[in-house]
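S.K.: Pasted the sequence and its predicted model underneath.
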Amino acid sequence: MKHKREVKLKDPRLRALRNNLREIIWLEWDRRACGIIDAKSDVLNSKLPENEKLRLYEELVKELEHIDLIIKSSVVMCGWCRHRDKDMIYNPSNNQWFCLDCYHEHSEDILSASSFIY
C-alpha cells in the first residue's frame, strides 16, 4: 500500500471474527517460529561437520527472519505494542500497522523511523 489506511470495526461480531482470525494467524506463526528455533538447537547439537552445521544454521536463521518480517509487517499485530485485538492504521513510511492508540501516542517516533520494524 502506498497511502495511510485506517481499519476500524464497530460491529462486535466483526471485531470478534477479526480477532479470531488474527489469533489463528499468530498461532501458526508461533508454531513455525518455535519449530525453527528447535531445529536450530538440533543442528547445533548434531554430529555434522562444522561447516555443514553453520550452513544449516544460517538457513534456519534466514527462514526465521523471513517469517518474523512477514508477521511484523502484517495487520495481525501492532508494530509498537504487539497487541492483536485493536483497530489498526497503516503507516506507509515504514510498511507497518499500528494500533490507533500507539499511532496517536507515538506518531512522531513512528513517522520519523522509516525502518522501524524491530
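M.R.: Here it is on my side, so go on. All values reported here derive from a predicted model rather than from experimental measurement. Numbers count the residues shown, from 1 in each chain.

S.K.: downstream neighbour of the longest helix seen in the chain in the secondary structure list?
M.R.: The longest helix of the chain (DSSP state H) is helix 12-44. As assigned by DSSP states H and E, the chain's next helix or strand after helix 12-44 is helix 50-72.

S.K.: circling back to that earlier point, pull out the buried residues from the longest helix of the chain.
M.R.: By neighbour count with 16 or more other C-beta atoms under 10 Å, helix 12-44 contains the buried residues 18, 22, 25-26, 29, 36, 39-40, 43. Heads up, the C-betas are built off the backbone N, CA and C, glycines and all.

S.K.: Quick check: Leu60 vs Leu27, distance?
M.R.: 20 Å (C-beta to C-beta, to the nearest Å).

S.K.: before we move on, what about Cys34?
M.R.: Distance of Cys34 to Leu27, given as C-beta to C-beta: 11 Å.

S.K.: hmm, back to that, now the longest helix of the chain against helix 50-72, angle please.
M.R.: On the basis of axes from the mean of the first three to the mean of the last three C-alpha atoms, to 10 degrees, helix 12-44 is oriented at 170 degrees to helix 50-72.
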